[in-house]
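In: Need a 3D model of the following:
(chains A and B)
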There are 2 protein chains.
Amino acid sequence: MEDWLMLLRQKDKRTIAQAITKLENRDEEAKSMLKELLPCTGKAQVIGITGSPGAGKSTLIGSLLVHLRKKGLTVGVLAIDPTSPFSGGAILGDRIRMNRHAMDEGIYLRSMANRGKVGGISIHTKDCVRVLDAAGFDVILIETVGVGQSELSIMHLADTVCVVLHPGAGDMIQVTKAGVMEIADVYVVNKADQAGATRLIAEIEDMLELSGGKGAWMPSVIAASSQQNQGITDLWECLQKHDQYLKQTGEWEKQRLAQLYQEVEEELLLLYEQRRKTLMQKESFKGLVSQLDRGETTPQELAEMLAKQLFASESE
Amino acid sequence: MEDWLMLLRQKDKRTIAQAITKLENRDEEAKSMLKELLPCTGKAQVIGITGSPGAGKSTLIGSLLVHLRKKGLTVGVLAIDPTSPFSGGAILGDRIRMNRHAMDEGIYLRSMANRGKVGGISIHTKDCVRVLDAAGFDVILIETVGVGQSELSIMHLADTVCVVLHPGAGDMIQVTKAGVMEIADVYVVNKADQAGATRLIAEIEDMLELSGGKGAWMPSVIAASSQQNQGITDLWECLQKHDQYLKQTGEWEKQRLAQLYQEVEEELLLLYEQRRKTLMQKESFKGLVSQLDRGETTPQELAEMLAKQLFASESE
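Out: Numbers count the residues shown, from 1 in each chain, chains lettered A, B, ... in the order given. Coordinates of the predicted model:
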């Protein structure tokens, strides 16, 4: 085993950070590192934690961290901030609150910004998960903010998805509209001491009864209050129960294979995007665009012309 | 001019509906229809209206409809519901409220569900906009629900984007996190009679001052209350002002060309997705996947192998 991998397996923070940074380059070195990592992965429990801003995810993760450390478990946390496709900026704040854990050797924290690349967040996060998994962290928590595309893509990274809601924020509408329901294995109603919490819990339970659960798994609803450190024991029990369910039913293997499929698709899309950009920067493309501008051709026709240059002939 | 186009230009509702349905097929007939339509388009003012669920968008659109009809303007409304990528379901409700306008000859309403196709909503909606534009509607309103991917893609369909917010829903956080700020030309603070409205308006104005506006355009913030029919006159004035700005500065032409580019990209992505699916259903792909499953190859390597089969050789 190479030195870096040995240091990584000892959870050396510098080595972990370097490995993550190197994998980001996606060059030949990254490829061979990844191949060496792979045999050491597959042991961590990967948990995605999502929910709208202000739902108290970071505080909840903080409490869960303390709980898991008390049990002697090591934890990696990846915080993903959605980034505007325009500004490239990311909002801090949530991360800062988690910094009190940064000195603990059994915890590794990393925050990642989506750089707007196609498939960017998801591929990069998957590589980070592999590094932390190989480093031997027992639990890996992935935190995403808001409701949207990136939340759905967590599903392709996590074994278990935990959705955090809080009363009085129109959360139920968001849940049913944004496809959150289809990805949630565990619901946490945070700020359970606030008005409306009981109703929200009842609403979620009604909805779950109607939908009949997620496959053979019936998601649980946990009442929590980060302020009062309430619900954390229940939450962890429930997360473990889901892990057992996945492993006993063979769902874990199925899910893992589906995730690999998804990753191949994302990688291929990256390659496609590179090809497309090169093609659309060519001089010949500009002539086609002026035809489009004059209404002599339609976007569909133009795309078909480009496709002939881009794709291999189908006659194989 | 062909009969159908003549009937379409007279805003015949049956012809409009048939044209939209036929374009959806995207076959040879659809292509030639689109080419005939194109010379009749480019006159309508296309306005995207977006905001979180419960912000009161549909009621606002209802009031705007009444206002525009009183001014003798004809209006097309396209309501896009986000659909879970899993269930394929769509939530009604908002649409039903708009039905009282359905009998008016100067109004055309259509609700569209995203069928989960790549680029689906956006391409199909663009074709609908072209039909309504060719039919001679003065204003076309596109309504989307929630904050996410589809909201950003409105930008590629609309001349002017109007973001509807309401007090007390954590809306400001959503706005700054989800990239809404970069697409908004006009902000409407709805339910302006509720507590917190004044503060929300001030927050948006502060944020706009910090960002320095959207290009040379400084977005306006309109206080509205659909219940009391307040703010509609202001809103329409502001929407017209933005239209004038676009046309006087040449931004309109620039935006239109960028939209065509975007549409070519979406069309090409559709063609890519078809190719990719065909490739990944082949028998030979299954062998590669079992290598992946055994950890003998990485998703990235597998994608590179697939790319060789999928794309034309680059040496031209």
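
In: quick check, the top helix by length along chain A touching chain B?
Out: Ranked by residue count under DSSP state H, the longest helix found in chain A is helix A:251-280. Yes - counting by C-beta under 8 Å from any C-beta of the partner chain, chain B has neighbours in helix A:251-280: A:257, A:260-261, A:263-268, A:270-272, A:275-276, A:278, A:280. In this view, the C-beta of every residue, glycine as well, is placed from N, C-alpha and C.

In: mind listing what's buried in that helix?
Out: Buried residues in helix A:251-280, counted by 16 or more other C-beta atoms under 10 Å in any protein chain shown: A:251-252, A:255, A:259-273, A:275-276, A:279-280.

In: would you list every one of the strands in chain A?
Out: A:45-50, A:75-81, A:107-113, A:139-144, A:160-165, A:186-189, A:220-223 (DSSP state E).

In: Please name whichever of the ones you listed is nearest to residue A:3.
Out: Closest to residue A:3 of these, according to C-beta to C-beta: strand A:107-113, at 19.3 Å.

In: Of all the residues in the closest one, which ones are buried?
Out: A:107, A:108, A:109, A:110, A:111, A:112, A:113.

In: On the pLDDT front, check the fifth one for me.
Out: So the one you mean is residue A:111. The score at residue A:111 is 77. That number is its pLDDT.

In: which one is it nearest to, not counting chain neighbours?
Out: Spatial nearest neighbour of residue A:111, excluding adjacent residues (C-beta to C-beta, 6 or more residues apart in numbering or on different chains): residue A:79 at 4.2 Å.

In: ok, that neighbour to residue A:142 distance?
Out: The spacing between residue A:79 and residue A:142, counted by C-beta to C-beta, to the nearest Å, is 8 Å.

In: where does the nearest residue to residue A:264 once chain neighbours are set aside sit relative to residue A:78, distance-wise?
Out: Leaving aside its chain neighbours, residue A:264 sits nearest to residue B:299 (4.7 Å; criterion: C-beta to C-beta, 6+ apart). Separation of residue B:299 from residue A:78 (C-beta to C-beta) stands at 18 Å.

In: low-confidence ranges in the stretch 51-200 of chain A?
Out: Within the stretch 51-200 of chain A, the segments meeting pLDDT under 70 span A:81-103, A:113-121, A:145-152, A:154-155, A:169-179.

In: one more time with 80
Out: A:51-56, A:58, A:80-104, A:111-123, A:145-156, A:168-182 (pLDDT under 80).

In: how about the helices of it, start to end?
Out: Per DSSP state H, counting those that start in this stretch, the stretch 51-200 of chain A carries helices over the ranges A:57-70, A:94-97, A:120-134, A:149-154, A:171-177, A:197-211.

In: Just send those helices back as JSON lines, with mean neighbour count and distance to chain B too.
Out: Compiled in JSON lines, the helices of the stretch 51-200 of chain A are given as follows (neighbours: other C-beta atoms under 10 Å in any protein chain shown; distance: least, C-beta to the nearest C-beta, whole Å):
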{"stretch": "helix A:57-70", "mean neighbour count": "20", "distance to chain B": "13"}
{"stretch": "helix A:94-97", "mean neighbour count": "14", "distance to chain B": "11"}
{"stretch": "helix A:120-134", "mean neighbour count": "23", "distance to chain B": "8"}
{"stretch": "helix A:149-154", "mean neighbour count": "22", "distance to chain B": "5"}
{"stretch": "helix A:171-177", "mean neighbour count": "20", "distance to chain B": "4"}
{"stretch": "helix A:197-211", "mean neighbour count": "15", "distance to chain B": "9"}
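
In: Take the ones you listed and write them to CSV, including distance to residue B:239.
Out: Shown next, in CSV, are the helices of the stretch 51-200 of chain A (distance: least, C-beta to C-beta, whole Å):
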stretch, distance to residue B:239
helix A:57-70, 37
helix A:94-97, 36
helix A:120-134, 35
helix A:149-154, 29
helix A:171-177, 26
helix A:197-211, 37
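
In: Verify the stated contact: residue A:208 with residue A:217.
Out: No - counting by C-beta atoms under 8 Å, residue A:208 sits too far from residue A:217 to count as a contact (10.5 Å).

In: what sits against the residue nearest to residue A:298 when sequence neighbours are not counted?
Out: In this structure, residue A:298 finds its nearest non-sequential neighbour in residue B:34, 5.4 Å apart by C-beta to C-beta, 6+ apart. Counting by C-beta atoms under 8 Å, 6 or more residues apart in numbering or on different chains, residue B:34 makes contact with A:298, A:300, B:23, B:127, B:130.

In: do that again at 10 Å, thanks
Out: Contact partners of residue B:34, counting by C-beta atoms under 10 Å, 6 or more residues apart in numbering or on different chains, are A:298-301, B:19, B:22-23, B:26, B:41, B:127, B:130-131, B:134.

In: what's the answer for residue A:227, then?
Out: Contacts of residue A:227 by C-beta under 10 Å, 6+ apart are A:56, A:59, A:63, A:190, A:191, A:192, A:193, A:194.

In: what's the answer for residue A:290, then?
Out: Residue A:290 neighbours (C-beta under 10 Å, 6+ apart): A:296, A:297, B:257.

In: Out of these, which comes closest to residue A:288?
Out: Checking the contacts of residue A:290 one by one against residue A:288 (C-beta to C-beta), the nearest turns out to be residue A:297, at 7.3 Å.

In: ok, now how distant is the closest one from residue A:16?
Out: 52 Å.

In: just residue A:184 next, same as before
Out: Relative to residue A:16, and taking C-beta to C-beta, residue A:184 is found at 30 Å.

In: Which of these two has more residues huddled nearby?
Out: Neighbour totals were compared for residue A:184 and residue A:16, and residue A:184 leads with 26 against 22 (other C-beta atoms under 10 Å in any protein chain shown).

In: Residues in a beta bridge with the closest residue to the more buried one other than its chain neighbours, which ones?
Out: The shortest distance from residue A:184 to any non-neighbouring residue, by C-beta to C-beta, 6+ apart, is to residue A:163 (4.1 Å). Legend: beta-bridge partners of residue A:163 under DSSP bridges are residue A:50, residue A:187.

In: from memory residue A:163 sits against residue A:219, does it?
Out: Yes - using C-beta atoms under 10 Å, residue A:163 is in contact with residue A:219, at 8.7 Å.

In: Touching both of these two, which residues are there?
Out: Jointly contacting residue A:163 and residue A:219 under the rule C-beta under 10 Å, 6+ apart are A:181, A:184, A:185, A:186, A:187, A:204.

In: In terms of neighbours, single out the busier of residue A:163 and residue A:219.
Out: residue A:163 (28 against 22).

In: now residue A:246: how far from residue B:66?
Out: Distance, residue A:246 to residue B:66, using C-beta to C-beta: 54 Å.

In: can you check residue A:44 too?
Out: Using C-beta to C-beta, residue A:44 is found at 58 Å from residue B:66.

In: Domains of chain A: list them as residue ranges, please.
Out: Domain assignment for chain A by automatic domain parsing gives A:40-251, A:264-310.

In: out of these, nearest to residue B:224?
Out: Residue B:224 lies closest to domain A:40-251 among those, at 18.8 Å (C-beta to C-beta).

In: distance between the ends of the closest one?
Out: 21 Å (C-alpha to C-alpha, to the nearest Å).

In: If we only consider the shared contacts of residue A:163 and residue A:219, which is nearest to residue B:72?
Out: Nearest to residue B:72 among those, with distances taken as C-beta to C-beta, is residue A:181, at 45.0 Å.

In: With chain B as the reference, measure out to that closest one.
Out: Distance of residue A:181 to chain B, computed by C-beta to the nearest C-beta, to the nearest Å: 8 Å.

In: ok, that residue - how many residues close by?
Out: 21.

In: Confirm for me that it is in contact with residue A:165.
Out: No - counting by C-beta under 10 Å, residue A:181 does not reach residue A:165; the two are 11.2 Å apart.

In: For stretch A:32-40, buried residues please.
Out: So, applying 16+ other C-beta under 10 Å, buried residues of stretch A:32-40: A:33, A:34, A:37, A:38, A:40.
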